[in-house]
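K.L.:
Prediction below, plus the sequence it came from.
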Amino acid sequence: MEINIRKVMTEDLDAVSEAEAVCFPEAEAATKASFKQRIKTFPESFFIAEDGGKIIGFINGCITNETTIYDELFSDAALHIPNGEYQAIFGLDVIPGYRNKGIAAQLMDHMIDVSKLNGRKGVILTCKEYLVNYYSKFGFKNKGISKSEHGGAEWYDMILEF
C-alpha cells in the first residue's frame, strides 16, 4: 500500500491521541498531554503515516544512551537526549482497517533508516511476547523480560544494533 510518511506536526495531536486510544489498552496508551510533550520535544523522531491526508498510523520515541527502555522514559519527555546513542520506540500504531498491509513495517523501516542517518548505534523497544518474532524480522534481538512494568503488562526488551 502506498502511503506518505512525514514528521509529526503540532496539528496532528488530536488524530495521534485518537489513534493511540484505539490501538492500546487504556493502561498502556499514552495520554494527550504526553503526546503534546513528545511532539514538542522530539518531533525529529516522531513520524506519521498518511493515506490521502488521513493519519492512519505513527511511530515515535525519544533518544537515549540506554540500551533498554525504562518506565520513566514514557512519561518524562525531558529525559530525551538529542545526541544520544539509541533511538527508543515507544509506540508503533496503525489504526484498524489499515492493519496487515505493511504500514507498520514501512514506519519501522523509516525509523531505522533515520536512526542510521543520524548516527545512532541502534534502536530499542519493548514489546509483548507475541510480537518478539515480528520485530526479529527487522533484525531486533530479544534481551529477555523487561524490568518495565508499563501498564501492568509483561514486556520484552528488544535491541537492533547497527
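P.N.:
That came through fine.

K.L.:
surely E66 meets L125?
P.N.:
No. Using CB atoms under 8 Å, E66 makes no contact with L125, being 12.0 Å away. For the C-beta atoms, the positions are set from N, CA and C on the backbone; glycine is no exception.

K.L.:
Overlap in contacts, those two.
P.N.:
A88 (CB atoms under 8 Å, 6 or more residues apart in numbering).

K.L.:
between these two, who's got more neighbours?
P.N.:
L125 (27 against 14; other CB atoms under 10 Å).

K.L.:
Tell me how far the helix ranked longest in the chain lies from the chain's centre.
P.N.:
Longest helix in the chain, counting residues (DSSP state H): helix 103-117. Distance, stretch centre to chain centre, for helix 103-117: 10 Å (CA atoms, centre = their mean, to the nearest Å).

K.L.:
And the contacts of that helix?
P.N.:
So helix 103-117 is contacted by 1, 3, 5, 44-45, 47, 49, 56-59, 61, 87, 89, 92, 94, 122-123, 138, 160, 162 (CB under 8 Å, 6+ apart).
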